[in-house]
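Novice: Coordinates for the following, if possible.
(one chain, ligands or ions: 1)
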Amino acid sequence: MEFHRKDLSNEQLIRIYKNLLWPRLIEEKMLVLLRQGKISKWFSGIGQEAIAVGATLALQDDEWIMPLHRNLGVFTSRNMPLHKLFKQWQGSQDGYSKGRERSFHFGNKEHHICGMISHLGPQLAIADGVALAYKLKKQNKASLAFTGEGGTSEGDFHEALNVAAVWDLPVIFIIENNGYGLSTPVNEQYRCAQLADRAKGYGMESVVIDGNNILTVYDTVKGVRDYCIKNQKPYLIECMTFRMRGHEEASGTKYVPKELFEKWQIKDPVKNYETFLIAGKVLSAENIENIREEQKQKIEQELKIGFDSRTLVVRPEDELMDVYSEKSMANTQWSVVDNVSRLTSDVTREIRMIDAIKEGLHQSMKLHPNLILMGQDIAQYGGAFKITEGFIDEFGNQRVRNTPLCESAIVGTALGLSLEGFKSVMEMQFADFVTVGFNQIVNNLAKIHYRWAQNADVVIRMPTGAGVGAGPFHSQSNEAWFVHTPGLKIVYPSTPADAKGLLIAAINDPNPVMYFEHKALYRSISGSVPEEYFEIEIGSARQVQTGDEISIITYGAGVHWAEDYAAEHTDISFDILDLRTLLPLDYDAIASCVKRTGKVLILHEDTLTGGIGGEIASWIAENCFQYLDAPVMRCASLDTPVPFNLGLEKNFLAKARLDEYVQKLISF
Ligand SMILES: Cc1ncc(C[n+]2csc(CCOP(=O)(O)OP(=O)(O)O)c2C)c(N)n1
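Specialist: Coordinates of the predicted model:
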């Protein structure tokens, strides 16, 4: 192995050596502890350390890195103390994730390390978001994301590289090509000669390097970083290396031919670098022995602290509290109200739902210079529903961004922006297409605060619902998928005023908010909306009307169905509650309804089975049983996909069965 020191001083070469050796020795010790049952799971990076260490040392300490499961060298090279790392691996509450995450699935803001989720691929687009933040702030920085060669087969790899290329983002993508993805060899993973060749297809430069040569990695990443910053472009580096142990320690290596281990043993990154240092008289064999001894002793000292963890204290309220980031009201100039009537000015006008959404978004853009809008066709074209029409002229194309067709990468990018203090609103062209960004939402955005205290300041606008003859893939109600995910907030307004106030609240909320807007209500519903900038509190329902015979608990289009029905059936005294927020639910308002009427009908456009109606019904049964005069009933859409033909769609929708359910309940 040839090493080129270029202009590196002896001190620098030694610093690099110490950083390279440190994760090796830690890991050797961990493998012993693993066999003794003192830690649970371990993904070995032995033989690959030069990549994580070389790349990390080549960056500045405040540049974000998105590491994976084999990148101990990233964590150690960012000087995370071993005792705390060890507590993390033990699942101690004193670790980086308060015992909530395993092995290397954690991040830390202070060290600018973004914690991976288990899913391979989603990390890459987060690096896009961070790089976009650097670009918008005109900072001379680059972000860096790792992937294994197996991970390059994921769609997220393609999406992230494409977005970085199209948006000219300073991101360094590193592929650690270590021969196997679990047991799958490279010839069953991809067909190109080198994965780096793919860069050309994205309009990106790339290089293949020896990933076992620490100076090659260090020098390449340093140069690539300069290139990315200077040219404001991404770059792909493929590091050739080998996985010297099993995928994880329990899975063995039977499927790997012995010759491969022999071939790569010779290329060991630590041994070879030591040989180079000795040959160049940078260090003597004795120096090296001393450094090794020093580090081994340090490991023992750190482990002593590491083992001394406090006993686990389980407090459900602490667990629940960390799911969401506290709302920060610092630097806010707006009036926060939980009821529109408490506004400071009473200037209102009659506007349509769509105009109210647009106004909320527009006022938010004016108030928050750090708010970025992203979505397909939202710039010059103004979006599929024209909500952002004209925004680009006022706010420019840096803040109002057309995206390529890649929902997953844009959600990931939004998260990356959040890491650097930006807010973002992403427009799903139709709520139906959220399925291709689902993983990022439910696993990355939703869980990140609980896992390592990083918030995801992201709103996803979801044009939703049926009633416009748009067929199975432009009509779905999919809010229930998200209600089942702790960490998200779900809002779903039914009036123009609520649409504006809730959108503003969603944007001000530091947590990920799914904002459902019903397409059929956009232009069909008008209402009085304050001109002023105001919030409707997330989590508060709206009592539409009070009555004493039947309570209809509903949201979205259901509110209008219920109101219309009540207007046509004045012989029945209806109590109507518009939930407005589905997560968190306003249980006080729900309980009040039950107490007022004793008969509850939950009405929603979503299909019956697994819809939120079931959740509310069971909560009422459990908590308000004594006030009930009849079983809680659910009126929902048919358990079929949404059909295209208007006659079939009408039959599908819950509204078609509203009369039947009201009659059933009234006569109970
Ligand atoms: C989306 C997804 N599918 C499957 C897995 C299970 N899995 C974990 S690691 C791994 C192999 C990854 O190979 P590679 O990307 O080459 O990285 P390496 O483990 O070799 O470093 C697999 C299949 C996963 N974590 N995520």
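Novice: And the residue lying farthest from the centre of the chain, what's its pLDDT?
Specialist: Distance to the chain centre peaks in the chain at Asp571, reaching 49.6 Å (criterion: C-alpha atoms, centre = their mean). Asp571 carries a pLDDT value of 97.
Novice: Same question for Val336.
Specialist: In this model, Val336 carries a pLDDT of 45.
Novice: next one: Tyr661
Specialist: Taking Tyr661 on its own, its pLDDT is 98.
Novice: How about the stretch 301-450 of the chain: which residue is closest to the ligand?
Specialist: Nearest to the ligand, among the residues of the stretch 301-450 of the chain, is Asn439, at 7.9 Å (C-beta to the nearest ligand atom). For the C-beta atoms, the positions are set from N, CA and C on the backbone; glycine is no exception.
Novice: what residues are up against the residue nearest to Asp268 when sequence neighbours are not counted?
Specialist: Closest residue in space to Asp268, ignoring its immediate chain neighbours: Gly47 at 6.4 Å, by C-beta to C-beta, 6 or more residues apart in numbering. With contact set as C-beta atoms under 8 Å, 6 or more residues apart in numbering, Gly47 has these partners: 178, 212, 241-245, 264, 268-269.
Novice: show me where the stretch 551-668 of the chain has strands.
Specialist: For the stretch 551-668 of the chain, the strands defined by DSSP state E, counting those that start in this stretch occupy 574-578, 581-583, 600-607, 633-637.
Novice: For the ones you listed, give me CSV that also has mean pLDDT and distance to the ligand.
Specialist: Output for the strands of the stretch 551-668 of the chain, formatted as CSV (pLDDT from 0 to 100; distance: least, C-beta to the nearest ligand atom, whole Å):
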stretch, mean pLDDT, distance to the ligand
strand 574-578, 98, 39
strand 581-583, 98, 26
strand 600-607, 98, 28
strand 633-637, 98, 32
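Novice: Of these, flag the one that's most buried.
Specialist: Of the strands of the stretch 551-668 of the chain, the one with the most neighbours on average (mean count of other C-beta atoms under 10 Å) is strand 600-607, at a mean of 26.
Novice: Who are the packing partners of that strand?
Specialist: Under the contact definition 3 or more C-beta pairs under 8 Å, 6 or more residues apart in numbering; DSSP states H and E, strand 600-607 sits against strand 550-554, helix 557-568, helix 612-623, strand 633-637, helix 658-666.
Novice: Model confidence for the closest residue to Pro631 other than its chain neighbours, exactly?
Specialist: Once flanking residues are discounted, Pro631 sits nearest to Phe668: 7.5 Å by C-beta to C-beta, 6+ apart. Note on Phe668: pLDDT of 93.
Novice: quick revisit: what secondary structure does the residue of the stretch 301-450 of the chain closest to the ligand sit in?
Specialist: Following DSSP: H, G, I helix; E, B strand; the rest coil, we place Asn439 in the helix state.
Novice: was I right about it contacting Pro122?
Specialist: Yes: with contact defined as C-beta atoms under 8 Å, Asn439 reaches Pro122; the gap is 6.2 Å.
Novice: Need the overlap of contacts for these two.
Specialist: Ser408.
Novice: the more surrounded of these two?
Specialist: Neighbour tally, Asn439 and Pro122, criterion other C-beta atoms under 10 Å: the higher count belongs to Pro122, 26 against 20.
Novice: Give me the number of neighbouring residues for the closest residue to Lys222 other than its chain neighbours.
Specialist: Excluding the flanking residues, the one nearest Lys222 by C-beta to C-beta, 6+ apart is Ala58, at 4.2 Å. Each residue near Ala58 was counted by other C-beta under 10 Å, and the total is 22.
Novice: again, but for Gly223
Specialist: Residues near Gly223, counting by other C-beta under 10 Å: 13.
Novice: right, and the helix or strand after whichever helix or strand it is part of?
Specialist: Using DSSP states H and E, Gly223 sits within helix 214-231. Next helix or strand after helix 214-231 toward the C-terminus (DSSP H and E): strand 235-240.
Novice: what's the angle between that next one and helix 214-231?
Specialist: 170 degrees (axes from the mean of the first three to the mean of the last three C-alpha atoms, to 10 degrees).
Novice: before we move on, the earlier item: please identify the member of the contacts of Gly47 with the greatest number of neighbours.
Specialist: Thr241 (28 neighbours).
Novice: Low-confidence bits of this protein, can you list those?
Specialist: Applying pLDDT under 70 to the chain picks out residues 328-342.
Novice: In it, what residue lies closest to the ligand?
Specialist: Counting by C-beta to the nearest ligand atom, the chain gets nearest the ligand through Gly148, at 2.2 Å.
Novice: Can you classify the residue nearest to that residue when sequence neighbours are not counted by secondary structure?
Specialist: Excluding its sequence neighbours, the residue lying closest to Gly148 (C-beta to C-beta, 6+ apart) is Glu176, at 5.5 Å. What three-state DSSP gives for Glu176 is strand.
Novice: Quick check: Glu176 touching Glu149?
Specialist: Yes: with contact defined as C-beta under 8 Å, Glu176 counts as touching Glu149 (7.2 Å).
Novice: Looking at the two, which one has more neighbours?
Specialist: Higher neighbour count among Glu176 and Glu149: Glu176, with 26 against 23, using other C-beta under 10 Å.
Novice: Okay, that one and Glu238: tell me how far apart.
Specialist: For Glu176, the distance to Glu238 equals 9 Å [C-beta to C-beta, to the nearest Å].
Novice: elements contacting the longest helix seen in the chain?
Specialist: Of all the elements of type helix in the chain, the one with the most residues (DSSP state H) is helix 10-35. Packing partners of helix 10-35 (3+ C-beta pairs under 8 Å, 6+ apart): helix 49-58, helix 72-77, helix 82-90, helix 214-231, helix 269-279, helix 285-307.
Novice: can you put the ones you listed in a markdown table and add distance to Val600?
Specialist: Below are those laid out as a markdown table (distance: least, C-beta to C-beta, whole Å):
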| stretch | distance to Val600 |
| --- | --- |
| helix 49-58 | 57 |
| helix 72-77 | 52 |
| helix 82-90 | 47 |
| helix 214-231 | 58 |
| helix 269-279 | 66 |
| helix 285-307 | 54 |
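Novice: Looking at those, spot the one closest to Glu317.
Specialist: With C-beta to C-beta as the measure, helix 82-90 is the member of the helices and strands packed on helix 10-35 nearest Glu317 (22.5 Å).
Novice: angle of the closest one against helix 10-35?
Specialist: 30 degrees.
Novice: got the residues of the protein near the ligand?
Specialist: Counting by C-beta under 6 Å from any ligand atom, the chain comes close to the ligand at 70, 118-120, 148-151, 176, 178, 180-182, 243, 247.
Novice: for the stretch 301-450 of the chain, what spans make up the strands?
Specialist: So, for the stretch 301-450 of the chain - with DSSP E, counting those that start in this stretch - the strands run 335-336, 348-352, 371-375, 400-402, 423-427.
Novice: What is the neighbour count of Val544?
Specialist: Residue crowding around Val544 was assessed by other C-beta under 10 Å; the count is 19.
Novice: what sits against the residue nearest to it when sequence neighbours are not counted?
Specialist: Computed as C-beta to C-beta, 6+ apart, the closest residue to Val544 that is not its neighbour in sequence is Ile576, at 4.0 Å. Counting by C-beta under 8 Å, 6+ apart, Ile576 makes contact with 543-545, 547, 551-552, 554, 559, 562-563, 566.
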